[in-house]
Each structure stands twice: as structure tokens, then as C-alpha cells.
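Trainee: Got a predicted structure plus its sequence, pasted below:
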Protein chains: 4
Amino acid sequence: MSKPPARSGFGLDPRDDLNDLRMSEKALPLLEKVKSFIAEVVEPMSEEFERLGEGRADRWSYAPGQLEALEGAKQEARKRGLWNFFLPDADTGEGLSNLDYAYIAVELGKNALASESMNCSAPDTGNMEVLERVGTEAQKEKWLKPLLEGEIRSAFAMTEPHLPSSDAKNVSMSAKLENGEWVINGEKYYISGAGDPRCKIMITMVKTSPDAPSHLQQSQILVPMDTPGVEVLGPMNVFGKDDAPHGHMHIKFDNVRVPEENILMGEGKGFEISQLRLGPGRIHHCMRAIGQAEKALDLMVKRGMSREAFGKPIVQLGKNMEVVSRARIDIEAMRLMVLKAAKAMDVLGNREARVWISMAKAMVPERVCEIIDEAIQMHGATGVSQWTPLADMYTGQRTLRLADGPDEVHHMVVGRAEVRSYGSNS
Amino acid sequence: MSKPPARSGFGLDPRDDLNDLRMSEKALPLLEKVKSFIAEVVEPMSEEFERLGEGRADRWSYAPGQLEALEGAKQEARKRGLWNFFLPDADTGEGLSNLDYAYIAVELGKNALASESMNCSAPDTGNMEVLERVGTEAQKEKWLKPLLEGEIRSAFAMTEPHLPSSDAKNVSMSAKLENGEWVINGEKYYISGAGDPRCKIMITMVKTSPDAPSHLQQSQILVPMDTPGVEVLGPMNVFGKDDAPHGHMHIKFDNVRVPEENILMGEGKGFEISQLRLGPGRIHHCMRAIGQAEKALDLMVKRGMSREAFGKPIVQLGKNMEVVSRARIDIEAMRLMVLKAAKAMDVLGNREARVWISMAKAMVPERVCEIIDEAIQMHGATGVSQWTPLADMYTGQRTLRLADGPDEVHHMVVGRAEVRSYGSNS
Amino acid sequence: MSKPPARSGFGLDPRDDLNDLRMSEKALPLLEKVKSFIAEVVEPMSEEFERLGEGRADRWSYAPGQLEALEGAKQEARKRGLWNFFLPDADTGEGLSNLDYAYIAVELGKNALASESMNCSAPDTGNMEVLERVGTEAQKEKWLKPLLEGEIRSAFAMTEPHLPSSDAKNVSMSAKLENGEWVINGEKYYISGAGDPRCKIMITMVKTSPDAPSHLQQSQILVPMDTPGVEVLGPMNVFGKDDAPHGHMHIKFDNVRVPEENILMGEGKGFEISQLRLGPGRIHHCMRAIGQAEKALDLMVKRGMSREAFGKPIVQLGKNMEVVSRARIDIEAMRLMVLKAAKAMDVLGNREARVWISMAKAMVPERVCEIIDEAIQMHGATGVSQWTPLADMYTGQRTLRLADGPDEVHHMVVGRAEVRSYGSNS
Amino acid sequence: MSKPPARSGFGLDPRDDLNDLRMSEKALPLLEKVKSFIAEVVEPMSEEFERLGEGRADRWSYAPGQLEALEGAKQEARKRGLWNFFLPDADTGEGLSNLDYAYIAVELGKNALASESMNCSAPDTGNMEVLERVGTEAQKEKWLKPLLEGEIRSAFAMTEPHLPSSDAKNVSMSAKLENGEWVINGEKYYISGAGDPRCKIMITMVKTSPDAPSHLQQSQILVPMDTPGVEVLGPMNVFGKDDAPHGHMHIKFDNVRVPEENILMGEGKGFEISQLRLGPGRIHHCMRAIGQAEKALDLMVKRGMSREAFGKPIVQLGKNMEVVSRARIDIEAMRLMVLKAAKAMDVLGNREARVWISMAKAMVPERVCEIIDEAIQMHGATGVSQWTPLADMYTGQRTLRLADGPDEVHHMVVGRAEVRSYGSNS
């Protein structure tokens, strides 16, 4: 039971390319262009967008002018060549490596409309990637094309209200083939983006083959939002917020019928497809999370320097300097871990890199929550109020510890990989 | 520099009455009566109250019928002799010890309208206690009487938006005596209850004597809500919630003029008065917090037993049983510490007991937040949704770590007491 | 699956005697007498004892004069009526409650020879208690009597080198009945006290009934140290120390034969007997641990006040005051929890109190280790040196987290009790 | 007070060379040669060395044959070109970058005699580096030359028993110039290596200029071990161990007189010189610490897989898989942080890199202690015994949290750098 030769990509491996975490020469100009575009176009547009949306009658649709403003930014992005660059290696995209995209994701994380302005927003990115890799020509024509054009939006229906999300093979919504149609029954919730009136298509995770081995029971099926039987029960809240009109919707599927050819890849491929999409998504979440931690540390230090108590700036009191230090140290460590996971995806492929991805996903949101929480504490009551973004930042990051696999699942992946490297089957 | 003989109430002191944490014989029947009243009267009334309030036009006032329902419960409470029993030793009250009240506070914490139904709700309790102890006959007649009758409500304006709350002597709102009137200028925020249309009076903490020693610069002055110059700027949110119509208001005082006799106790007594009110309030907060932790643990275990993943109830997976164990252990330890602090107030007086109070306040809300957070994690995404009370419970307890002195201040009190017991002056 | 009525001794139960944590009137004079005896007799004797033992040729036996000094103190203890008072309810003992004994245990913890001077030292206390409760007249005559007289010492052989101690039913040393004799084969280690030349008898935990249900497979058998086949392989170290001549011995049992009547209570009673002895032992460990934490905090504060860096006493720097505060808070919380567990044993009996005992054992040594570690940090390099007792204190407490059930086992007991209170069988 | 442009080497800086953490092509063959040399030469020699030393009469000198064995290995190292390669950029050394050396340090950390066999052992490495950079020709001839030849050993006398080591400018041992001689009086302790009979020279940190600004009061002076007045009071222990014959000595300097020219660089340069030596030393400590954490994780997993309780391998019980996962995650994060700090020293220079060095030093030993502690817990009582190296590993790493600046000092460096990046002077 002695330890086998170092696992690929693990341990020291001094000359291993995994340790070269620099952005590529090629991607640098793109990063600069993205930064300029956000500053020059997205930010002024965002302000107008927000102003137009205030006090609108129906929180679940857009106010007059809002979408026009957004479309203007999208046109400009296309003109500048900043469109769909999330696609990793397609002729449709920029061919960015995961490492390069990770650096850019930090910029995208700074403005709520930046991603959408460049057609790089979740969950569309994952949906487009899946369609491009495994879609049929007809599926691509019907759904991928308008998504790539930014004409419609989409959703991904995976989590179910009555099953723990920690076990990804745990799916109860059923799809049965009857007369050339899939008949779907069940419930999904936290379907992000399904509240948007522009959302036209969902990729749904269903159980088609209850008697197959556990990782071959699931399939993914395309369900247009306007299919009869798709019943939006309402929004799910996140610490009291509904994020309208984007929303995290709770949807009932009541004898929803779609054509047989709406299945992706084929029966029993559902689990395989989700492995494909989840890696990059998790890394992008983590990079944005680090951006949030940087912002929290920035607010923490500024507050700590500008307020005085007992005759001193509060950052100088008690443990506060050590709180600042530990935040900085952990931010740098998390950044390196996320970059390494992105690099591992580039070098080893998503499958081989999955332990690195789980390491990042288990490490980052938990610690980022703590850093934001410490920033709240440095602000006193103002920290939980509408006067700082900290309360929203906290609830967002707290939710991330549950999304795309709760922390526990990622620790299980990492722990098992370690144990299995000794030849165990557990 | 050897340690002096044990401080009063500290260390082992085996026969010390501080170690008898039993409720008194006298208070037991009251506890039972409170429980029955809540079950028989408050709970049905609460449901009606909530139903009546839904979708009301103005979130900052009550819907027709709401206050009538509440008044009905209040009448019944008086009939049953369950009125104003918070008052520790007055002929107006029940003469409950702090320890007895602590046991009862747990019951009060279980229903949002229970305290008010028995005229025992914050901040009125603290305000009534202060008025009874230090108010003039005229002040008592004008404000204490209607408060004791439950005819009006009140607020306490202490925290300021531009000063850290960690330093209680840090007050910038000024009051200057001009022609027999106090002229008040400044801002206060997080004035809980000031949004209620029935709130008629505020006790305000002001700086009257900037040249006096730091603990003698403050005064407390009665300011009727309808005084010209009292400008409610809006509600402060707590993680996005405004708690209307109660509210945590942000108020500007713009040349607010009140008669000279509205001062409490006299110029420079502001800090002394706040010492008086804060002890019991903190202990009640802590007892309610423990009630929240019990509820979170209950939800955590029920969820953990009713959901399965990987073929097992999730409470059996990974570290979950240890999470449950640590929650139970710490709940019991916190309960004993809060009871001991209450007992210390009874035996030693609020001033001598202040280290025990700070120990409880520094210990409890921080750990309760963690327990609620662990309950959220056990629920997956449902834990942050509107389907469980956990998100609201979390934000409430998180805010408590900042209210009535942030954790840091209480640790400073405890740390200093320890160091000073060796004869240091630091 | 709703929660059943409060478990006995759990939750608030306001009038519950469990909440009266005062020492009894009766025991107070004993506490005072113990204190005086330690100060007047044990301390001077200890100094002589240590001086005599220095540089002795054989570390595993006593130097001339050492035992004579100790015997002198023992005679004096008997004269003062301070003998065998550990026995909870016997005519042989003082009939102290567990709560009373807990208070006294703190004093016993302050001097390494105090317990033995009053014939109250582990593991003899547990062995005597077991013999008194379940021994036959012949066993009592042969072993209990000289133990109660302080003429011999004893050991308890339970832990085995090749089995995890977390599972108490996991015993591999076998005893088979052949011709009226138990034939014992196997290995035990960490047998504390078995290095002492005065140790004459071991109670051994063996497997006699491999086919019985798991809690009925074990038996306890008396094995005189001088039985042929008892082979002391050597001492086990604790962080490099062997604690000679007391020692924690590693012993091989090679066809060791003892008469059939050396069994305690009967075949298959081994697990039941160990439940009996472990409760009080754990509480005494925890009280002594709290004494260690008090000492560590005392050293921490004194050091912090007497050293300066950057122009200030180091206790005033950075997080140090908060470290002091958290240590004090947790010491008080632990003390209350241990007293409550002792009280639960008195009121509910050892079996019903076992969740309280596990709560204390899981909580205390872990946190005490941290407090000692923080005291080390406050001392700089001196903290790990021979100039303070902190390094020894740390290694002792660290080992306690593994002895008498590792932390994990106690958390399992507490977690299970919580879950089972909902009617689960897990 | 907005944040200035990113500090050099901080934040994302995508193309920054700091993010290329690969070992250089040039150093790879050296790494392989070091590995072979350790396996082929050092390991067999170590076994003989240990065997020869057992039970030697005087623990503070070497047994016959020991030094001869060691010298044999040293001759072989020179033959293979593996000599003095620690020197970063000298014609005397290999010109290894700090990053390259960091990778090799992991190998050196695996065998206690490996470093010395290649003349790369502390504190000689630091002393040689200092002498090479700032020594006069005469100093080099007299002390550097025999050190580079491996003929003598040396020590560095910095820490004082009566002053906190957290403040590096805090030096009380005085040196006064009298008649062309420095007269030194005071005490130093924890002088590692000063117990070795081959140790001939100490670099001592003294206060020469009490009236200068605080960072110019110190000087470093060469003191031969055999100078009259150098009185070795005895060894300092580390958790009870004296590490003879290397030792961590406590030395009194009683009117020790050395020639004026024994000063390094000149009066008041003491603090400047120590900045020079400490960076690389800290990084090497951290790399070896990571090696220790890898070893602890390896032992933890092997033990967890090979022991069963409750019918399962114990690594599968409770939180153990998550403990394994968190250890792996943090080991990888720490490794990247240490490599980044080494790279920062290469790219930015030791002075600019000091925040990165402090980040690594504050992060690594604290977490490594925890990982070793978790490995102990997985072993039960065996974990603290002589049957695993874990107890020794723990005490070594615990001491590292106090050596070369306690954690608190490094957090202060990091916290201050963060605050100062906003333009504060605090």
C-alpha cells in the first residue's frame, strides 16, 4: 500500500507546465480591450439601465428603454470583436485557454451587465458550450445560433426541491418516451435566469433510465419555455431577494411533451454532459469570488482607516491588522489555486483536472464569505445596511457554497482522490 | 504582580450563590401562564395579524383590523396578570429576578408578537426601566404612564452613522441649551421601532458637554417624534430587509428644540444611564439567540434525517454528526453562561456583573450565527430560500453581533478585567 | 418525526436540580482540609521527594528515602481523615457526590503527589471502585483491601496497539478457559502506572466470547503483575517522555494463566464494567484540565504584562487582549459544563448522564490545548523550553484528547443522542 | 485615499514573471543529482552514523567514527559537484535562484544529515552568505574559507531570554569599544548549533549605539567560541528535547573581548544585515515544513486505511475524509505561496519580496502544525508515541511558529503593507 508515483499534475513536478501560471501573450490585448469596453461602454449603460428600471410596474419584465440600452452595448461589443470569447476552442469563439479566461473573468465580475454585454453570461455560456460540443445540426441551428447572436437567453434546470444536490446522480424528474415524444413530469427549482422574458429554452436534467447503472440513468433534454405544461410556480429567494427579472425560478413540469430529437447526445448521457459544463463554470465562479474578496478587503481597509475609536483608526485596534493580513494572504493563495486549476484544465483536460477544480471550489467561497463577514464587522451596523454592497456580496457568496456542488461534495472528491492514489477503491 | 484574591463572582467559589442557576419557585407559575397565553391567545392572533397585513397599501402603517387584533391580546394579557412583568423590582412590575426573566425570555423569543402582547417588547422595556428609575414625576406622568399602559410606543436613538459604535462615549449629535430649550443637531440611524406610527417618544443620546471628561460629556434627552426638525430620512436595511412598519430608521435632527426639563437625570449623565439599561437587554438578546440556535439545530437534524444522498440520511454523512454534536454542546454551554450572567446581575448588581454580561454577549451571537449557518448548509439551496426561516434567522443574529456593542468591545471588557485583576491599569 | 418531550436533564427545565451547581455544605470543610493538607504536608514532601529522586541510578525504581517520605504523608492523611474520599457512596469512603468531588479535583490537580498522598490517584481509584461494586469477597480481601490501605498499586490494561481505541468493543486480546484457568494471549499498551515497582495487579480487558453480540464479548480479568508470561516490553512515550517510574507500559501476554475465579462479575460483563468506571474518571480529567487552562491563562497574562515590544506590554498588542478574553470566557463555560455533567451523574446516574459526560470530554481537552498553545505563543521561544511548564502541560492535555475515548467517539455519542431524541435508530 | 496602482508583484499582473513558478532547465539536473546522492550516499551513512552514536558516554560530543562517516559523505558530495550550492549568485556557489533552491530544499528536508553532507546546513548557510556579502577580506580568510570547506561550523546569536523576539530591534546585549576591543556583556539563548564541538565562531547581534535611531542601534560582531567570558550555561529544550550535540544553547557573555575589526560592515549595520539573511532562511524553513505536512498526510491516510472501527476503515468515518481533503488543499496552496515568495525574491529582490516572505512564513507553519495534529488524532495514542515521527514533527513545527519572527510579526508586516498601499503611514 505504498504510494504510487506522483499523480499527473500533483505534487511538485518542478518543470511541470502546471506551474506556469502566466496569461498568454495572445490574450493580453483582449484583456485590455475588455477593460476599456467596460469602462467606456458598459458602465455608462449600466447607470442608464438601472435608472430606467427603477419603480417599473412589473418587476418581472423590463422597463421601456432598458433592453434597447443593453442591445446598444452588445452591438458595440461585436464591433470591437468582444463577442462570445468564452468559447474555449471553437471557430465561433476566441480560443481562449481556461487560464486566460480566468484572468478576464475577474474583470467581468466587476459589473453586473458586463458579461451579458459581450454575450458571455451564465448560464448561457455553459448551454452554448454544451450545444456546440454535443448538439445535432438541427439543435444548433434552432438554439445555438440565436444564443450566439445574443437574440435569446436560456436556462439550465438541474436542482430539485426534494432531493439533496450533493449527489449529482440524484434526479427524480422523469422523462418517458411515448409516441416519439418525451413526456416530462417533476419539479425543478433555483433555475437561474428562467424569469427573464427573453429566456426561450431550458436544458433539463431528467431521469430516463431508472434501471441503468446510477451514472447512466440521466439524460438532458431541450425544453422550450413556452411548452404546455411548463408552469412557473414562482421565484426562489436568496436571503429574501428574488433577483427579478432574472430570477431563480421554481418550475413544475406537468406532462410536458417535447419531440424525441430534443434529447442531447442520447439517452443516459446526462451525467457525462454535466461533467463537461461544470468545470469551467466553477472556475469562473471562483475567480469572481476572489474579485469579491478583493473588494471586501478594499472596503475593510478604507473603513478601518477612516473611522476612529479610542483615539485611533479602527484598523489599528485589536486584531484588525491581523484580520487584514490573513485576508490578503488567503486571497493570494486562493488566486494561485484557481489559476492552477484553470491551467490544469488546459493541460490535463477537464476530467483529469477535476480534483484541482474541486480543490478550488471547496476552498474559495467558504473563505470569501469569511472575508466579507470580517469587512461587515469593520463597518459596524453600516456593514449590513444598504450603504455598502457587503450584505449582498455576502449572501451571493454564501449561496455559492451550495451551488454547483456544495462544499461537502468537493471535499469528498478531493479526499477520495487522495485515498485512491494509494490504491484504495473507497 | 501575583494574582489578587479571586474577584467577586469569578473562579470556583464553590458555595457561591452564583452557581445556583435554578428558576425561583415564585416564577414557575408565571412561566407556565406565559406559555399558555402564547399558545392560546398570541398564536391565533398572530396568524390573523399577518393575514390582515398582507399586501397592505402602505407598508409603513398598519392595515385595518391589525391593531385591533393586537389590542385584544393585550387586554387578555392584563386580565391574566401578564403585563409589564419585565420590570425587575418595581411596584409596577412583577419583581422578577434577571435569572427568572431569562428563562421566560426564551418563550417570548418564540413568537414575534408575544413580547408586545404582554407589554414587554424592546426598546420600550429599556425605556420604561430608565424612566422609572431616573425620570422626574412629570416625565413619568407624560411618558412612562402611557408606555406602561401600552398606549404608545417608543424608541432609543443612540447609534450615529458617522461614528464607530464600538466606542460608546463617541457621540457627535449635539444639544445646546438656548433660552430654556435644548437645541439638537445631528443624525442617528438604526433607531429600531421609530417607523411604527404609534411611536411617540425617543430617548436620544446627545453630547451636551464637549469639554467634560469623556464619560461625562453625554446626556439623554426626551424628544417627541412630532417635534419640528425631526426628519425621518428613511429606513436602514438589514441584509436588504426594512422590517416595516417597525423599521430601523435613519433620522436627521435639524435644530430640534425641546424644553430644558426633557433631560434625564441631568447634564453629563448619559453614559451612566446607558450602563443601567444595557445589561438586561443584552442578556435577553442572548437568551433569544439561544432559542434561535435551538430552532436551527432542530431544523438541521430534521432535514438531515429526512433527506438521503448516497443511500444514507445526510445527517449520517461526513462530518454532519459532529456538527450536530458541537452545536448541542455549545448551546448548553452558552445557556449556562447566560444564566450565570443573569444570576450575577441579581447577586452582584449590573455594574459588578458587567464582565459576565460581556462574556455572554461576546460568546453567544457569534456562535449562534455559525450554528444557523450549519443548518443552512444541511438544507442545501432550500436553506437560503423563503422555505425555511434560516436566512432571516441568520441575518438577525449577524446583526446582533454589531448591536449593543460589537463583539470586539465585549472582548475588550473581558480582557481588561482579566489583566486588571493582576493590578494593571491598562 | 416531531421532537418528543424534553429528554431528562436536557434543555431548560428551569427548576431542575441539574441547574444547582453549588458544592454541598457538607463537603466544604473537606475542601478546606484538603487545601491545608496539600499546603502543609504534600508540598514540602514533594520537594524532598523530587530532590531524592534526582539522578537515581535506575529511573524505573525509587531512590532510597523517596517512598518513606511518601508514606509519611499518607499516614498524616489518614490521621486527618483525608483518605479514600473518592469513593462515592461506600462505608469505606466519604460519600462525596460527583459534584463535590469535582470541586476538590481542582485542588488535587495542582500537585503531582497530592492524589496519591490521600490514596485517591488514578488508576487505583477506578480499580477500587470496580472491585468494591462487583468484586467477590475473595477478590476484595486479596486486592481491594491492600489498595484501600495504600499498600500496593494497580493498573488497568485496556488499549491495544493494533486496534483503534475509538471503538471500545474492539478487543483482540483473548482469554480462553482451560482446566479451570484463563489462558490470556495478546498485547496491551499505554498501561499507565504499570512501571511502578509497587504495582501488583492489573485489571485486563479481554475477549472471552467472540461469538456473543458485540457488547457481550468482553470480560475483565484480574492478572497479578508477577504472573508468568506477563512480559513488559518497554515504556510508551508521550511526546518523547516516559514518565518513569510510573510509566505507560507496553505489555505482552504470552500464555498467561490465572485461576477461573479471577474474572470480574462473569463472562461477557467487560463492557458493562467499563461503563461504570469511565464516567467519574472523565469528569476528574476534565476538572484537572480546567485547572491547567487556568494556569496557562495566568502565565499568559503575567508574561504579556511583563514583556514589552514596540513600546507596549505585549498583552496590549494585536489580538492578545482578545485571546485573553476568549480564554476566560471558554474556561468559565467549560467549568459550568463539567459541573453540570458531575451534577447529572449525581441526579440521573452514570448511565443517563453519559451524554453530559461526553459533552464535557469532547469540549474540554481540545479547547484547553488551544489555550495552553496561546500561552506558549505569548512566551516566544521560552514557551517551549524547560523554563515554563507549558510544553509539558500541552503534551499532557493533547494526550487526553486520545485517552478515555478520543474526541470523535464523544462527538458520536452526543450527535447520536440528539438524532435519537427524534425517534431515529441510527 | 483611493488605492494606488497595483503594488509591484501584487495582485493579478497577468504577464508578471512572478506567476511563472517552474524550476529552471538548468537546475533540473542538479535536483536529480541531489536526489541520487541522498539515496546512494547519505541514507546509508545516516544509518551508520546513528548506530555509532547510540548510548555514547557524552551526549554533547560525537562517538568515535561518527564524524569520519560524515566526512566521507562530504568528500563524495564535493566529488559529485554538490557542494555549497545554496549560495545564490557567487562564484563560490552554483548560482541557484531562490525558486530553484526551494524545490531542492524539499529533498534536503527529508534526511537530517543531507544538508550538512553538501555543506548546506543552517545556520552555516546564512552565516556564509553574510560573510561573503559583507565580510572583509580578513574575515573571509579566517572564517568564510573554513566554513566553505566544511572544516568548522558556526552559530548565530540573536535571541535574548529577557526580550520578546517579536521586535527585532529589541537587543539588550551590549558591546562597547574599549582600547580597540569590543567588550560584550549580556545573554543569548536558543543559539542553535552552538553545542556542536566543531562550532568555532558565532555571529552575535549586539547593541552598540543606544542613542541612534532604533534601526541603527544594533551591530553584528564575530565572536570565536573559545573567547574568554563566553560561558555556555546549558541547553535550551524544545518540548523536553535538547537536540544534543547540536543543541540550542543558552550562553552568557561576561566581559567578552574581541578585536575591533571583528565587526561586520560597521557600527549600526546589525539590523540591515539581518534583513539580508532572513528572507531565504524563512523560505527554506517553509519548504521543509511543507515536506513535513506531506509526510503527515501520507501517514494519516495510510493509518486511516489500515485500521478499522465500527466495521470500516477509520478514514471513512466521520469528518476524516474532509480532514484529508482540507490538508491536501492547503498543502497545495501553501506550496504555491512559498514558490511565489521564492520567485518574488528572484524577481524583486529580498527587500521588495519581504511581504511575500512574511505571507508564507505566517501561513505555513501554523497550518502545518494543524495537519500534523490531525495525523496524530488519526493514529490514536500511537500518534504521540515513539512509534511514529509525528510527535517530533509537531514540536519542531510548533517551534518554527516562534523562530525567525513569531507569526504575529509576519502578520504585522503583511497588514501594514496592505494599509500603507493606501498611502497611510501607520
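Mentor: Now that the structure is in, tell me what you want to look at. Nothing here was measured: the structure is a model prediction, and the numbers come from that model.

Trainee: could you pull out the helices for chain A?
Mentor: A:27-37, A:43-53, A:66-79, A:98-108, A:114-117, A:124-134, A:137-139, A:145-149, A:270-306, A:320-352, A:354-379, A:390-400, A:407-420 (DSSP state H).

Trainee: Quick check: phi and psi at the residue of chain A most remote from its centre.
Mentor: Most distant from the centre of chain A: A:G311, at 44.3 Å, with distances by C-alpha atoms, centre = their mean. Per-residue torsions, A:G311: phi 80, psi 10 (degrees, to the nearest 10).

Trainee: For A:L317, see how far away it is.
Mentor: Noted for A:G311: a distance of 10 Å to A:L317, by C-beta to C-beta, to the nearest Å. Bear in mind the C-beta positions are built from the backbone N, C-alpha and C, glycine included.

Trainee: Please report the distance of the residue farthest from the centre of chain A from C:N119.
Mentor: Counting by C-beta to C-beta, the gap from A:G311 to C:N119 is 59 Å.

Trainee: what does A:A39 give?
Mentor: Noted for A:A39: a distance of 82 Å to C:N119, by C-beta to C-beta.

Trainee: Neighbour count: the two, which is higher?
Mentor: Applying other C-beta atoms under 10 Å in any protein chain shown to A:A39 and C:N119 shows that C:N119 carries more neighbours, namely 22 against 12.

Trainee: How about the contacts made by the residue nearest to that one when sequence neighbours are not counted?
Mentor: Nearest residue to C:N119, sequence neighbours excluded (C-beta to C-beta, 6 or more residues apart in numbering or on different chains): C:G150, at 4.7 Å. C:G150 sits next to C:74, C:83, C:119 when contact means C-beta atoms under 8 Å, 6 or more residues apart in numbering or on different chains.

Trainee: If we use 10 Å, what do you get?
Mentor: By C-beta atoms under 10 Å, 6 or more residues apart in numbering or on different chains, the contact set of C:G150 is C:70-71, C:74-75, C:77-78, C:83-84, C:116-119, C:121, C:124, C:198.

Trainee: ok, now which ones touch A:I184?
Mentor: Going by C-beta under 10 Å, 6+ apart, A:I184 touches A:157, A:173-176, A:204, A:206, A:208, A:221, A:223, A:227, A:229-230, A:253-258, A:262.

Trainee: Can you name the residue of the stretch 51-200 of chain A nearest chain D?
Mentor: For the stretch 51-200 of chain A, the residue closest to chain D is A:Y103, as judged by C-beta to the nearest C-beta, at 4.7 Å.

Trainee: wait, what's in contact with whatever residue of chain A ends up closest to chain C?
Mentor: Proximity of chain A to chain C (C-beta to the nearest C-beta) peaks at A:K319, 3.4 Å away. Counting by C-beta under 10 Å, 6+ apart, A:K319 touches A:325-326, A:374, B:408, B:411, C:318-323, D:411, D:415.

Trainee: correct me, but A:H250 touches A:P161?
Mentor: Yes: if you go by C-beta atoms under 10 Å, A:H250 and A:P161 touch, sitting 7.0 Å apart.

Trainee: which residues are common contacts for the two?
Mentor: If you check A:H250 and A:P161 against C-beta under 10 Å, 6+ apart, the residues they both contact are A:187-190, A:233, A:236, B:385, B:387.

Trainee: Might you name the residue of the stretch 201-350 of chain A sitting closest to chain B?
Mentor: Here the residue of the stretch 201-350 of chain A nearest chain B is A:A309; by C-beta to the nearest C-beta that distance is 3.9 Å.

Trainee: mind checking how far that residue is from chain D?
Mentor: Distance, A:A309 to chain D, using C-beta to the nearest C-beta, to the nearest Å: 15 Å.

Trainee: so how many other residues sit close to that residue?
Mentor: The number of residues packed near A:A309 is 20, by other C-beta under 10 Å.

Trainee: Got the confidence number for the residue nearest to A:E116 when sequence neighbours are not counted?
Mentor: Nearest residue to A:E116 in three dimensions, chain neighbours excluded: A:L70, at 6.9 Å (C-beta to C-beta, 6+ apart). A:L70 is assigned 97 on the pLDDT scale.

Trainee: swap in A:E94?
Mentor: Each residue has a pLDDT score; the one for A:E94 is 56.

Trainee: How about the residues of the stretch 201-350 of chain A by chain C?
Mentor: Contact residues (C-beta under 10 Å from any C-beta of the partner chain) of the stretch 201-350 of chain A with chain C: A:317-323, A:325.

Trainee: can you pick the most crowded of these?
Mentor: That'd be A:S325 among those, by other C-beta under 10 Å, with 29 neighbours.

Trainee: Help me confirm that that one comes into contact with D:H410.
Mentor: Yes: with contact defined as C-beta under 10 Å, A:S325 reaches D:H410; the gap is 7.8 Å.

Trainee: Show me whatever sits in contact with both of those two.
Mentor: By C-beta under 10 Å, 6+ apart, the residues touching both A:S325 and D:H410 are D:355, D:358-359, D:362-363.

Trainee: and the two most separated of those?
Mentor: Within these, D:V355 and D:M363 form the most distant pair, 12.3 Å apart (C-beta to C-beta).

Trainee: near chain B, which residues of the stretch 201-350 of chain A show up?
Mentor: Counting by C-beta under 10 Å from any C-beta, the stretch 201-350 of chain A comes close to chain B at A:214, A:234-242, A:248, A:250, A:303-304, A:306-311, A:313-314, A:317-320.

Trainee: Please indicate which of those residues are buried?
Mentor: Neighbour-count burial within those applies to A:235-242, A:248, A:250, A:303-304, A:307, A:309-310, A:313-314, A:317-320; the criterion is 16 or more other C-beta atoms under 10 Å in any protein chain shown.

Trainee: domain parsing for chain A?
Mentor: A:19-149, A:153-268, A:271-420 (automatic domain parsing).

Trainee: Going by mean pLDDT, which of those comes out lowest?
Mentor: For these, where the average pLDDT is lowest is domain A:19-149, sitting at a mean of 91.

Trainee: Need the distance between the two termini of that one.
Mentor: 37 Å (C-alpha to C-alpha, to the nearest Å).

Trainee: any idea how far it is from the chain center?
Mentor: Distance of domain A:19-149 from the chain centroid (C-alpha atoms, centre = their mean, to the nearest Å) equals 13 Å.

Trainee: ok and the residue in the stretch 151-300 of chain A nearest chain B?
Mentor: A:D167 (3.9 Å).

Trainee: Could you count how many residues lie near that residue?
Mentor: A:D167 has 18 neighbours, counted by other C-beta under 10 Å.

Trainee: close enough to count as contact, it and A:V409?
Mentor: Yes: in this structure A:D167 lies within contact range of A:V409 using C-beta under 10 Å: 7.9 Å.

Trainee: which residues are common contacts for the two?
Mentor: B:309-310.

Trainee: which residues does A:I263 contact?
Mentor: Neighbour list for A:I263: A:136, A:139, A:175, A:177, A:182, A:206, A:208, A:219-222, A:269-270 [criterion: C-beta under 10 Å, 6+ apart].

Trainee: any idea how far it lies from A:T227?
Mentor: Separation of A:I263 from A:T227 (C-beta to C-beta): 15 Å.

Trainee: ok, now which ones touch the residue farthest from the centre of chain A?
Mentor: By C-beta under 10 Å, 6+ apart, the neighbours of A:G311 are A:317, B:167, B:214.

Trainee: Over to A:A105?
Mentor: If you count contacts by C-beta under 10 Å, 6+ apart, then A:A105 has A:86, A:98, A:115, A:120, A:280, A:283-288, A:290-291, A:338, A:342 around it.

Trainee: Closest one of these to D:R56?
Mentor: Looking across these and measuring by C-beta to C-beta, the closest to D:R56 is A:V338, at 53.1 Å.

Trainee: Next, the contact list for that closest one, please.
Mentor: A:21, A:99, A:102, A:105-106, A:282-287, A:289-290, A:356-357, A:359-361, A:363-364.

Trainee: For A:L131, which non-adjacent residue is spatially closest?
Mentor: Nearest in space to A:L131, with sequence neighbours left out and distances taken as C-beta to C-beta, 6+ apart, is A:L144 at 4.2 Å.
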